[in-house]
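Novice: following is a predicted model, sequence given first.
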Amino acid sequence: MSLVKGKGNKSTEGKVLSLFRAKRICGWRRHLPLPGRPDFSFEKERVAIFLDGCFWHGCKRCYRSPKSNTSFWSKKLRENVTRDQRLRRQLRSRGWKVVRIWEHSLRNIDSVETKILLALEH
Ligand SMILES: [Zn+2]
């Protein structure tokens, strides 16, 4: 069981970083002390970007319930999802736009680019 995969690991961040570089997207900061510690934040545009591992953050598209310790994992997942929602609400109430990038969506980097650029433009 590959449960350890995808908690904001380097390859996920690396893909986004090379996208920033390729598209000359600048002005981002890493892990600012904001609710939830966004992976990337654009202070001027007030855009916070979270790279979320599909397993840990309960992606509905990818999530497969583990075969053992089912109740432990479903409780853990519920807690993670609830915490994500609470932190993102806090950010929005401070005037931040929250962009969530699922691990699986990095397979289609063009869609990630569109999502980020749209958020930065508005
Ligand atoms: Zn997913």
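Specialist: Yes, it's here.
Novice: so for the longest helix anywhere in the chain, mean pLDDT?
Specialist: Longest helix of the chain, by residue count under DSSP state H: helix 70-93. Mean per-residue pLDDT for helix 70-93: 94.
Novice: name the helices or strands packed onto it?
Specialist: Applying 3 or more Cβ pairs under 8 Å, 6 or more residues apart in numbering; DSSP states H and E, we find helix 70-93 packed against strand 47-52, strand 97-102. Every C-beta, even on glycine, is put in place using the N, C-alpha and C of the backbone.
Novice: show me what from this protein comes close to the ion.
Specialist: Residues of the chain found near the ion (Cβ under 5 Å from the ion) are 54, 59, 61, 62, 102, 104.
Novice: can you tell me which of these are buried?
Specialist: Buried members of these, scored by 16 or more other Cβ atoms under 10 Å, are 54, 59, 102.
Novice: make TSV from these and add distance to residue 66 to it.
Specialist: Output for these, formatted as TSV (distance: Cβ to Cβ, whole Å):
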residue	distance to residue 66
54	13
59	14
102	19
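Novice: output stretch 45-60 as PDB, nothing but the C-alphas.
Specialist: Extracted C-alpha coordinates of stretch 45-60, given in PDB (Å, rounded to 0.1, in the frame of the first residue of the first chain):
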ATOM      1  CA  GLU A  45      -2.400  39.400  -5.700                       C
ATOM      2  CA  ARG A  46      -3.500  37.700  -2.400                       C
ATOM      3  CA  VAL A  47      -3.500  34.200  -4.000                       C
ATOM      4  CA  ALA A  48      -2.700  31.200  -1.900                       C
ATOM      5  CA  ILE A  49      -1.800  27.900  -3.600                       C
ATOM      6  CA  PHE A  50      -2.100  24.600  -2.000                       C
ATOM      7  CA  LEU A  51      -0.600  21.400  -3.500                       C
ATOM      8  CA  ASP A  52      -2.700  18.600  -2.100                       C
ATOM      9  CA  GLY A  53      -1.900  15.000  -2.100                       C
ATOM     10  CA  CYS A  54      -4.900  13.100  -3.300                       C
ATOM     11  CA  PHE A  55      -4.800  10.500  -0.500                       C
ATOM     12  CA  TRP A  56      -4.200  12.800   2.500                       C
ATOM     13  CA  HIS A  57      -6.700  15.400   1.500                       C
ATOM     14  CA  GLY A  58      -9.400  13.000   0.500                       C
ATOM     15  CA  CYS A  59      -9.600  13.700  -3.200                       C
ATOM     16  CA  LYS A  60     -13.000  12.300  -4.300                       C
END
